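Okay, predicted coordinates and the sequence, questions at the end:
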Amino acid sequence: MPPLYLSSTSRALYRVFIAPYTSTPMQNPHTLPPPSKLLLPHTTIRTKVWKKDTQRHALSDAYILDNAIKSPYVNIVDTQSRFLQNIPINQAMRRFDSSLYHLVQVQPGRVDEFGQPDPNHLPTCKIISKADLRQQHKTKLDIQRKAAKGGVGKGAGIKNLELNWAIDGNDLRHRLEKMKGFLMEGRKVEVLLGPKRKGRQATMEECEKVLQKIREAVAECKGSGESKKPEGRVGGVVTLVFQGKKVEREEADVEG
């Protein structure tokens, strides 16, 4: 208790600064932390958590590869750009070194009313080096990341278009309109041209005309063009790659 002769102000100060310490039981010195601990500043340890990159996936998540191709027969484009039709899948897998290449399905096949593969519309597959496929996948992910940040349009992915040299004129116009739509969305389009499996084979003149119409259609898309040198042989299998440019919709001027 504070002495009785203290003034009211002194008593108040006594209660605040002295009394709490005199009323606290004395601690056992053996229970106190060592002096070195008392002198250390209080530090908060923050555990660094790595955010998982949801864009990083295995190639098998993005493509149908090798044993994941379920059709017993496929059409393939080999490393020499030859188009081989109706090949048993096990034979197709033996045509390349699996440590260096993948068999990639680039065009799905069709099935009949019973769910069985249609022999007239088999999946089209391509033998692609693992290095090229990884680079293609990286480019695709880069485009997706830029799209997520608003850098490019949402539709800036790669599209595959398969045509045959003897394609009907109306069908060709329909396919080219679809291609132009992709290009004007800023997409990359890979066109695979090959001979017809059954029926009449196109002449060299007809093949050249098909190529001309494809390039004319691309020229109609402002800013679009071939992004790499064509691969293959006219009349056999040819791969063309075009890069589109997104066309921004401009507001029409209104007079009056």
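Done, it's in.

now residue 116: how far from residue 71?
Distance of residue 116 to residue 71, given as C-beta to C-beta, to the nearest Å: 10 Å. C-beta here means a position set from N, CA and C on the backbone, and glycine is covered the same way.

Between those two, which is the more surrounded one?
residue 71 (18 against 9; other C-beta atoms under 10 Å).

which residues does the more buried one contact?
Residues near residue 71 by C-beta atoms under 8 Å, 6 or more residues apart in numbering: 89, 109, 117, 122, 123.

and the residues you listed, which are buried?
89, 109, 117, 122, 123 (16 or more other C-beta atoms under 10 Å).

Just put these in TSV and tack on secondary structure.
As requested, the buried ones among the contacts of residue 71 are exported to TSV (DSSP: H, G, I helix; E, B strand; the rest coil):
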residue	secondary structure
89	helix
109	coil
117	strand
122	coil
123	coil
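
Quick check: the farthest pair among those?
Farthest apart among these by C-beta to C-beta are 89 and 109. That separation is 11.4 Å.

Quick one: residues contacting residue 224.
Here residue 224 is in contact with 183, 184, 218, 242, 243, 244, 245 (C-beta under 8 Å, 6+ apart).

mind running it again at 10 Å?
179-180, 182-184, 186-189, 217-218, 242-245, 247 (C-beta atoms under 10 Å, 6 or more residues apart in numbering).

Now do the shared contacts for residue 89 and residue 109.
Jointly contacting residue 89 and residue 109 under the rule C-beta under 10 Å, 6+ apart are 69, 70, 71, 73, 74, 122, 123, 125.

neighbours of the fourth one, just the number please.
Other residues within reach of residue 73 by the criterion other C-beta under 10 Å amount to 16.

hmm, back to that, closest one to residue 232 out of the shared contacts of residue 89 and residue 109, please.
For the shared contacts of residue 89 and residue 109, the nearest to residue 232 is residue 125 (15.5 Å; C-beta to C-beta).

Next, that closest one: secondary structure please.
Assignment for residue 125 (three-state DSSP): strand.

any idea how far it lies from residue 180?
27 Å.

Report the residue spans of the stretch 151-256 of the chain with pLDDT below the cut-off.
For the stretch 151-256 of the chain, the stretches flagged by pLDDT under 70 are 151-157, 248-256.

For it, which segments count as helices?
Secondary structure of the stretch 151-256 of the chain (DSSP state H, counting those that start in this stretch): helices at 169-184, 204-219.

just checking, what packs against the first one?
Helix 169-184 sits against strand 158-164, strand 188-194, helix 204-219, strand 238-243, with contacts defined as 3 or more C-beta pairs under 10 Å, 6 or more residues apart in numbering; DSSP states H and E.

could the ones you listed go into a markdown table alongside mean neighbour count and distance to residue 63?
Shown next, in a markdown table, are those (neighbours: other C-beta atoms under 10 Å; distance: least, C-beta to C-beta, whole Å):
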| stretch | mean neighbour count | distance to residue 63 |
| --- | --- | --- |
| strand 158-164 | 17 | 11 |
| strand 188-194 | 22 | 13 |
| helix 204-219 | 15 | 25 |
| strand 238-243 | 20 | 16 |
